[in-house]
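J.: sequence unavailable; structure follows:
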């Protein structure tokens, strides 16, 4: 508000815009807006005067206001008046609200005139922080498109990168990485990962992420997979993926491909062996699936003579049993593993899936297993009884079990043909006890074949039950002959 004195009913006032309003005030400070008649006579032609003053480099607040305009009479921004409007945005004599409106108009003008040769000069003189408060995303976008990456990056670090086109962020991030020559910068790494999550990246960003990114294993695997598409060497990232998987005890199926490439790059022996041990545990104890490459690697470790945990052998043997493809080299490896198991007293239910020739060395070809899995610190008890068709079920017998290996508890039985073993387990831990469901064991058909004493008895029982008398008599003769041979060849020592 400006005050002028009326002399002889005349006052010389400065009016810069059509939005200006004249208010009269008497000596008692009473104001009048519509009840006083007056007329306005310009002393000079304002448009021509403004042009001459601007040409002389004069920048008074009134002249700036006339050039810029206000409210409903804003003057459009042109190349001729843009410098004045830019001056308005920095003049403290104008209200902050007015200057913010001017800054918004300037940003929109810059966006529409990106090909302006002088735009970079305008931007260099700009107070970035003031304009960022108006529309930081638009300002950063303009700076990026004008190649002013450092200024855009500084604003990005301070105000964030929401509402900015990922393509512009990619351009900024890639250029800043190159400017820093791939040196580590925390904010830059966060930006690189942000645009990567938006599925926007290039070779530079991926190389930077493979070099420095650490996060959830799933996300690191995503980065690794994309990097492989650009043939980027990712040795450090691969090592981090394998190490973090072991540390968090979370097995990811994609890890096998990571391990394969890590081995190709001559990765550290201790990392490879530690990861194979981890996956072997997850497969054997945790019941997780594993890629065939894992087991080929275990075979390679055995051939090279590395020192490893027995869990690797157990996982390999279980894999062989599941595949049931018994080549000579697998049979040889299985015999070696079973020999170690025999010395350490390790017997597992999956041993029943091994070929008979392997079970003979462990004296397991005529045995069946009842097995459960619990915490290694639990107290596990097996309860079992025999069921026969012509008898009432008896009481359950109970027997405490030792932790055989990493929470696996089992007991082996010898059953005759026609017998049914019913069993269940009770597991007690931390003051709580729960009971497993009841299950039944019988003699599998495959167990009838073979030459052990119990297998021959089972075949005779099966032949008698099925009415095959001739076969029964032949089997009985073979059994008696075998018993005579044993008696004549081996004498009991008193």
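T.: Happy to help now that I have it. Nothing here was measured: the structure is a model prediction, and the numbers come from that model.
J.: what are the phi and psi values for the residue most central in space within the chain?
T.: Taking Cα atoms, centre = their mean as the criterion, residue 218 is the residue nearest the geometric centre of the chain, at 2.4 Å. Dihedral pair for residue 218: phi -60, psi -40, per degrees, to the nearest 10.
J.: any idea how far residue 269 is from it?
T.: Separation of residue 218 from residue 269 (Cβ to Cβ, to the nearest Å): 27 Å. C-betas here are computed from N, CA, C, even on glycine.
J.: and stretch 314-333, how far out from the chain's middle?
T.: Distance of stretch 314-333 from the chain centroid (Cα atoms, centre = their mean, to the nearest Å) equals 33 Å.
J.: please enumerate residues in contact with it?
T.: Stretch 314-333 has contacts (Cβ atoms under 8 Å, 6 or more residues apart in numbering) with 279-281, 283-284, 290, 295, 298-299, 302, 334, 337-338, 341, 346, 348, 350-351, 353-355, 357-358, 405.
J.: can we see that at 6 Å?
T.: The contact list for stretch 314-333, computed with Cβ atoms under 6 Å, 6 or more residues apart in numbering, reads 280, 283-284, 295, 298, 334, 337, 350, 353-355.
J.: so what's the residue count around the closest residue to residue 357 other than its chain neighbours?
T.: Counting by Cβ to Cβ, 6 or more residues apart in numbering, residue 357 lies nearest to residue 331, which is 7.5 Å off, once chain neighbours are set aside. Residue 331: 15 surrounding residues under other Cβ atoms under 10 Å.
J.: next one, pLDDT for the residue nearest to the centre of the chain please.
T.: The per-residue pLDDT reported for residue 218 equals 91.
J.: tell me which element the closest residue to it other than its chain neighbours falls in.
T.: Sequence neighbours aside, residue 252 is the residue nearest to residue 218 in space, at 6.6 Å (criterion: Cβ to Cβ, 6+ apart). For residue 252, there is no helix or strand it lies in under DSSP states H and E.
J.: could you do the one 4 residues further on as well?
T.: Assessed by DSSP H and E, residue 256 sits inside helix 255-264.
J.: name the residues that touch that helix?
T.: Identification of contacts with helix 255-264 by Cβ under 6 Å, 6+ apart yields 238, 241, 245, 291, 293-294.
J.: quick check: residue 372 is in a strand.
T.: Yes: counting by DSSP: H, G, I helix; E, B strand; the rest coil, residue 372 is part of a strand.
J.: doesn't residue 425 make contact with it?
T.: Yes: in this structure, residue 372 is within contact of residue 425 by Cβ atoms under 6 Å, at 4.5 Å.
J.: the two - which one has more neighbours?
T.: The neighbour comparison of residue 372 against residue 425 (other Cβ under 10 Å) goes to residue 425, with 25 against 21.
J.: so where's the stretch 251-400 of the chain uncertain?
T.: Within the stretch 251-400 of the chain, the segments meeting pLDDT under 70 span 389.
J.: keep only those of the contacts of helix 255-264 that are in helices.
T.: Counting by DSSP state H, those place 238, 241, 245, 293-294 in helices.
J.: closest one of the residues you listed to residue 441?
T.: Closest approach between the ones in helices among the contacts of helix 255-264 and residue 441, by Cβ to Cβ: residue 294, at 31.6 Å.
J.: between the ones in helices among the contacts of helix 255-264, which sits nearest residue 40?
T.: Using Cβ to Cβ, residue 241 comes nearest to residue 40 of those, at 78.3 Å.
J.: what sits against that closest one?
T.: 220, 258.
J.: mind doing that once more with 8 Å?
T.: With contact taken as Cβ under 8 Å, 6+ apart, residue 241 is in contact with 217, 220-221, 224, 255, 258.
J.: sorry, back to before: from the contacts of helix 255-264, list just the buried residues.
T.: Buried residues within those, defined by neighbour count using 16 or more other Cβ atoms under 10 Å: 238, 241, 245, 291, 294.
J.: thought the first one was touching residue 267?
T.: This points to residue 238. Yes: in this structure, residue 238 is within contact of residue 267 by Cβ atoms under 8 Å, at 7.1 Å.
J.: residue 434: helix or strand, and which one exactly?
T.: With DSSP H and E as criterion, residue 434 is part of strand 432-435.
J.: which secondary structure elements does the helix or strand just after that strand sit against?
T.: Scanning forward in sequence from strand 432-435 by DSSP H and E, the next helix or strand is strand 439-441. Strand 439-441 makes packing contacts with strand 368-373, strand 420-429 when contacts are defined by 3 or more Cβ pairs under 8 Å, 6 or more residues apart in numbering; DSSP states H and E.
J.: need the contact partners of strand 439-441.
T.: Contacts of strand 439-441 (Cβ under 8 Å, 6+ apart): 368, 370, 387, 413, 415, 420-424.
J.: need the strands for the protein, in chain order.
T.: Taking DSSP state E to define them, one finds strands in the chain at 24-25, 31-32, 368-373, 379-387, 397-401, 408-413, 420-429, 432-435, 439-441.
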